[in-house]
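# take this sequence and fold it.
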Amino acid sequence: MFDKIVTWAKRNMPTREQLEHNRFARPLTVRHELWRFTRRSVPRGVAAGLFIGIFALIPGVQIVGAALMCVPVRGNIPLAVLMTFISIPPTTLFVFLPGAIWVGNSFGYHADFSTVRELTTRGASVGDWLAWLGSDAAPSLIIGLFLIAVVSAVVGYLLSAIGWRWWTAHKRKVRLMRSAARDFPD
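A predicted model of the protein is given here:
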């Protein structure tokens with residue numbers, strides 16, 4: 001499964017060299033550390049992508065926001081962009097929105113998720129959605145999404161830092177075993 005994701009990402013994501021020719025993306029390509037996979041940039045990129053991917057919930061804004069957030073935190077841009085894809089429509093409708101409303105309601109707000117289900121099933125207009133957000137639902141949703149995004153970013157940061165350390169230790173162990181086998185053949 002992981003190999004399929006990596007293959008898809010390599011095939012569909014633009015490279016830094018391709019982005020150098022885009023006048024809007026060119027400022028992001030000047031700083032080479034934003035494109036390298038290092039022990040510091042990987043967890044930062046994962047955290048930035050998870051935070052923006054969960055909190056923004058607007059597809060075009062997520063990718064641009066994650067890339068821009070990587071600049072001040074010096075995170076890995078490709079990983080941040082890839083992490084925004086955690087909020088695909090099934091996870092948004094069935095995990096993030098109900099969870100955000102539940103978390104927001106625990107702070108004393110009164111958003112009703114049955115209204116969200118009803119709005120999605122009947123294909124509500126933008127005006128209906130804005131009226132729903134104008135009610136007591138907006139603070140509940142925003143607070144809930146913010147807290148879920150922060151917790152997800154922290155957990156993603158920690159897991160990717162631990163994963164990076166394990167991966168580099170594993171590579172070093174394999175390299176030492178090959179070196180020892182080469183130096184002391186049976």
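
# who touches stretch 123-134?
Stretch 123-134 is contacted from outside by Thr115, Val116, Leu119, Leu141, using C-beta atoms under 8 Å, 6 or more residues apart in numbering. In this view, the C-beta of every residue, glycine as well, is placed from N, C-alpha and C.

# so who does the third one touch?
When the contact criterion is C-beta under 8 Å, 6+ apart, the partners of Leu119 are Asp128, Trp129, Trp132.

# may I ask which of these has the most neighbours?
Trp132 (19 neighbours; other C-beta atoms under 10 Å).

# and the helix or strand bottoming out on mean pLDDT in the chain, what does it pack against?
Ranking every helix and strand in the chain by mean pLDDT, DSSP states H and E puts helix 26-29 at the bottom, with a mean of 74. Counting by 3 or more C-beta pairs under 8 Å, 6 or more residues apart in numbering; DSSP states H and E, the packing neighbours recorded for helix 26-29 are helix 16-19.

# now the contacts of Leu119 as CSV including pLDDT and distance to Leu147?
Formatted as CSV, these follow (pLDDT from 0 to 100; distance: C-beta to C-beta, whole Å):
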residue, pLDDT, distance to Leu147
Asp128, 86, 26
Trp129, 81, 22
Trp132, 81, 20
